[in-house]
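Chemist: Please find the sequence and the predicted model below.
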Amino acid sequence: MKVASPLGEYPFVFQKLERREGGVAIIGTMAGIEASILLDGDDLRAAAKTFAGPLAAAALLIAWRSRRRHSASN
């Protein structure tokens, strides 16, 4: 992933996730320097709303394909 900053666009290399007070931190490096992105509760709720539809559709597709394969093998 690339992250834009006032100094330019640099690759962000993911290292780990951490629980922090009030949210979740994505820890990694950007241009060789440790960087973190803090997502608070409002950010997490907005992300859940944004991705709920696509994730539900993907889950239904996976279930349908699994059921179809299972039926074909019987």
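Modeler: Yep, it's here.

Chemist: Residues contacting stretch 34-49, please?
Modeler: 3, 12, 20, 22-29 (CB atoms under 8 Å, 6 or more residues apart in numbering). C-beta here means a position set from N, CA and C on the backbone, and glycine is covered the same way.

Chemist: tell me which residues in the longest strand along the chain are buried?
Modeler: Assignment by DSSP state E gives strand 8-20 as the longest strand of the chain. Neighbour-count burial for strand 8-20 flags 10, 12 (criterion: 16 or more other CB atoms under 10 Å).

Chemist: Relative to it, what are the paired strands and their orientations?
Modeler: If you go by DSSP bridges, strand 8-20 pairs up with strand 2-5 (antiparallel), strand 23-30 (antiparallel).

Chemist: Low-confidence ranges, the protein, go.
Modeler: 73-74 (pLDDT under 70).

Chemist: so where does the residue nearest to the spatial centre of it fall, helix or strand?
Modeler: Against the mean C-alpha coordinate of the chain, by CA atoms, centre = their mean, the closest residue is Ala47 at 8.8 Å. Assigned by DSSP states H and E, Ala47 belongs to helix 41-73.

Chemist: That helix vs strand 23-30, what angle?
Modeler: Orientation check (axes from the mean of the first three to the mean of the last three CA atoms, to 10 degrees): helix 41-73 against strand 23-30 gives 80 degrees.

Chemist: Give me the buried stretch members for helix 41-73, please.
Modeler: Buried residues in helix 41-73, counted by 16+ other CB under 10 Å: none are found.
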